[in-house]
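*Asks:* Structural data only, the sequence is not supplied:
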């Protein structure tokens, strides 16, 4: 597959079906460039050849070609190499595709679009390059994305447009409300000024008339009655003016209260994020499966390997030397004590909780679970901290674990007491890790995310998590919403969350944790669910939490004794050893 970054075929993705692939302006070339003076290309400029699955490029002219900016006459080609046909010739990206239809991954589309914008806009402005990048990314998504990606891309674009329309509408309504309030205030102020001037004038007139009456009593009783009537009208107008002033004051107070509430909400979110986000951790759990009868682990067939298989249908076997079959689960948690206790959902700490199909049905066949990895990653900390399971609520989706090494500098969450008032309609805030590892990678710059993925060692997924910690990629996401319903067993709110956010804290505006984020509604995005923090307090206050506790069907890595392989048939079995075989390599890290 060749992606043209410049030249007369700029932006095109060409996928020749056969090799060798000839490049030039001639009519017989597999990749034919129309002649161009700005990007000169020979009639037969270069050829790409395949030998036993390896590719190389060879110049067919006396002018060298540039592979990754190095001038060569002949050179091997690797995935994503840049090819320039001469000093001023067009630039192409080489890529090997195994599919019949030209498709690209999301990272490939982003990489090609960025290179396209940089190559075509070296003399242009930053805005022009960004526009070129966005336009090419859309073209790549429509032309070369998988069907599922295109559908997802269209849905995401529709959602973004819908959200933008809602935000624009709300902004317009807010501005209109401000303008109406300002116009009303100006109108009332004008009426007040007119009334004040009119009253002053009338007072002056009445004073003059009173003086005239006192000087000329001869006018008699009729003048006195006229004076009383005029005074009555003045009092009535004064009362009307006072009523208008009270109404204006009430409206002004309401507008001021609304503005104050909005400022308070923003201030609360900033304060809670600053004070407590370092104490919200990313929890990562790896579970393997052990047969206590045969004393063997479930493994992938084949040689042992630290990396996950790319084939989801890779066969499994009981025993052997292959890599252990491991289920990975992620979620959120938060610190509740200085000695290292964290609270999360039980379905995060005990992944088999209320899931009969966990492990593909192995647990229903009396297999046991062993924790290969059980760690917590905190923002700003370079290394994950090992966890051990401590306790769980008997009926609710709440569990507790302890850090292997407490960090006194981490903030401890303030938990709501039984008499803490929780009101429907109030603002709540969530902190957690929705979308788990993918969400944290998406927050990083593309080159930093690629570097973190490239640093992964051992088990690839666990290696990426550790690389994210080293590169300050552990960053919780904060969302806010309205608490629509609250009872003794459940909290319902519209704050946005997703898988991976389970186990995170639910804050009120004062920064007190009132619940544990637990479940999302996939049918209706306006309702997500949490458990009241009272259930977490029941676990924490149920007695000493220092004793190691395992939850059926879990066993410790110590107890997962590995059965030694049988001796070869042509040799007598060795004498039975006095000690159990070393199972550190089989069992993995201790919890």
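*Replies:* Cool, got the structure. Keep in mind that what you see is a predicted model, and the values were worked out from it rather than measured.
*Asks:* for stretch 349-359, which positions count as buried?
*Replies:* 349, 350, 351, 352, 358, 359 (16 or more other CB atoms under 10 Å). The way it works is simple: take the backbone N, C-alpha and C, and place the C-beta from them, glycine included.
*Asks:* between those, which is nearest residue 275?
*Replies:* Closest to residue 275 out of the buried residues of stretch 349-359 is residue 349 (25.2 Å), distances taken as CB to CB.
*Asks:* So what's the residue count around the spatially closest residue to that closest one that is not a sequence neighbour?
*Replies:* Counting by CB to CB, 6 or more residues apart in numbering, residue 349 lies nearest to residue 399, which is 4.0 Å off, once chain neighbours are set aside. When neighbours are defined as other CB atoms under 10 Å, residue 399 has 26 of them.
*Asks:* got any ranges where the stretch 301-450 of the chain has weak pLDDT?
*Replies:* Applying pLDDT under 70 to the stretch 301-450 of the chain picks out residues 303-313.
*Asks:* For the buried residues of stretch 349-359, please prepare CSV with the additional fields secondary structure and distance to residue 469.
*Replies:* Shown next, in CSV, are the buried residues of stretch 349-359 (DSSP: H, G, I helix; E, B strand; the rest coil; distance: CB to CB, whole Å):
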residue, secondary structure, distance to residue 469
349, helix, 20
350, coil, 24
351, coil, 21
352, coil, 26
358, coil, 27
359, coil, 27
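*Asks:* Got the phi and psi for the residue nearest to residue 349?
*Replies:* As for residue 399, its main-chain torsions (degrees, to the nearest 10) stand at phi -150, psi 170.
*Asks:* Wait, it touches residue 348, no?
*Replies:* Yes. Assessed by CB atoms under 8 Å, residue 399 is found in contact with residue 348 at 7.5 Å.
*Asks:* Mean confidence (pLDDT) on stretch 251-266, please.
*Replies:* When pLDDT is averaged along stretch 251-266, the result is 75.
*Asks:* wait, stretch 201-211
*Replies:* Per-residue scores along stretch 201-211 average to 85.
*Asks:* Just the residues contacting that stretch, thanks.
*Replies:* Contacts of stretch 201-211 with the rest of the structure, by CB atoms under 8 Å, 6 or more residues apart in numbering, involve 223, 227, 230, 231, 234.
*Asks:* Let's verify the last one: helix, strand, or coil?
*Replies:* In the three-state summary, residue 234 is assigned as helix, counting by DSSP: H, G, I helix; E, B strand; the rest coil.
*Asks:* Wasn't residue 44 part of a helix?
*Replies:* No. Residue 44: not assigned to a helix; according to three-state DSSP it is coil.
*Asks:* Is it correct that it is in contact with residue 21?
*Replies:* No. Using CB under 8 Å, residue 44 is not in contact with residue 21; the gap is 11.6 Å.
*Asks:* Which helix or strand contains residue 133?
*Replies:* Counting by DSSP states H and E, the element that carries residue 133 is helix 126-144.
*Asks:* Need the buried residues of stretch 349-359 in JSON lines (columns: distance to residue 377).
*Replies:* Shown next, in JSON lines, are the buried residues of stretch 349-359 (distance: CB to CB, whole Å):
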{"residue": "349", "distance to residue 377": "15"}
{"residue": "350", "distance to residue 377": "19"}
{"residue": "351", "distance to residue 377": "17"}
{"residue": "352", "distance to residue 377": "23"}
{"residue": "358", "distance to residue 377": "23"}
{"residue": "359", "distance to residue 377": "24"}
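*Asks:* Regarding the chain, what is its longest strand?
*Replies:* As assigned by DSSP state E, the longest strand anywhere in the chain is strand 280-291.
*Asks:* next structured bit after that strand?
*Replies:* Moving toward the C-terminus from strand 280-291, the next helix or strand (DSSP H and E) is strand 296-300.
*Asks:* quick check: angle from that next one to strand 280-291?
*Replies:* Counting by axes from the mean of the first three to the mean of the last three CA atoms, to 10 degrees, strand 296-300 lies at 110 degrees to strand 280-291.
*Asks:* What mean pLDDT does strand 296-300 get?
*Replies:* pLDDT averaged over strand 296-300 gives 91.
*Asks:* ok, then the element right after that strand?
*Replies:* Counting by DSSP H and E, what follows strand 296-300 is strand 316-318.
*Asks:* Residues in contact with stretch 27-37: which ones?
*Replies:* Stretch 27-37 has contacts (CB under 8 Å, 6+ apart) with 2, 7-9, 14, 16, 18, 20-26, 39, 41, 43-44, 90.
*Asks:* how does it look with 7 Å?
*Replies:* For stretch 27-37, contacts defined as CB atoms under 7 Å, 6 or more residues apart in numbering pick out 2, 7-9, 14, 16, 21-26, 41, 44, 90.
*Asks:* distance between the ends of that stretch?
*Replies:* End-to-end span of stretch 27-37 (CA to CA, to the nearest Å): 18 Å.
*Asks:* Can you verify residue 237 is assigned to a helix?
*Replies:* Yes. Counting by three-state DSSP, residue 237 falls inside a helix.
*Asks:* give the contact list for it.
*Replies:* Contact partners of residue 237, counting by CB under 7 Å, 6+ apart, are residue 199.
*Asks:* Tell me the spacing between it and residue 228.
*Replies:* The spacing between residue 237 and residue 228, counted by CB to CB, to the nearest Å, is 15 Å.
*Asks:* do residue 375 as well
*Replies:* From residue 375 over to residue 228 the distance is 91 Å, taken as CB to CB.
*Asks:* These two: who's more crowded?
*Replies:* Neighbours were counted for residue 375 and for residue 228 using other CB under 10 Å; residue 375 has more, 24 against 8.
*Asks:* Next up, identify which helix or strand the more buried one is on.
*Replies:* Assigned by DSSP H and E, residue 375 belongs to strand 368-377.
*Asks:* Tell me the first helix or strand C-terminal of that strand.
*Replies:* Following strand 368-377 in sequence, per DSSP H and E, is strand 385-392.
*Asks:* In its sheet, which strands sit next to that following strand, and in what direction?
*Replies:* Take DSSP bridges as the rule and strand 385-392 pairs in its sheet with strand 368-377 (antiparallel), strand 399-403 (antiparallel).
*Asks:* Also compute the angle for the very next helix or strand once past the last one relative to strand 280-291, please.
*Replies:* It stands for strand 399-403. Downstream of strand 399-403, the first helix or strand assigned by DSSP H and E is strand 427-432. On the basis of the same axes, to 10 degrees, strand 427-432 is oriented at 50 degrees to strand 280-291.
*Asks:* what's in contact with strand 427-432?
*Replies:* With contact meaning CB under 7 Å, 6+ apart, strand 427-432 is reached by 265, 269, 272, 276-277, 280, 332, 476-483, 493, 495, 497, 501, 504-509, 517.
*Asks:* Okay, helices next: where are they in this structure?
*Replies:* Secondary structure of the chain by DSSP state H: the helices cover 106-120, 126-144, 147-215, 221-276, 346-349, 436-443, 446-454, 460-470, 534-540, 584-587.
*Asks:* Go through those and pick out the most buried.
*Replies:* Here the criterion is mean neighbour count by mean count of other CB atoms under 10 Å, and of the helices of the chain the winner is helix 346-349, at a mean of 24.
*Asks:* just checking, what packs against that helix?
*Replies:* Applying 3 or more CB pairs under 7 Å, 6 or more residues apart in numbering; DSSP states H and E, one finds that helix 346-349 contacts strand 399-403.
*Asks:* Please enumerate residues in contact with the strand it packs on?
*Replies:* Residues outside strand 399-403 that contact it (CB under 7 Å, 6+ apart) are 340-346, 349-350, 376, 385, 387-392, 539-540, 545.
*Asks:* What pLDDT does the model give residue 129?
*Replies:* With respect to pLDDT, residue 129 scores 67.
*Asks:* and stretch 286-300, which residues are buried?
*Replies:* By 16+ other CB under 10 Å, the buried positions in stretch 286-300 come out as 286, 287, 288, 289, 290, 291, 296, 297, 298, 299, 300.
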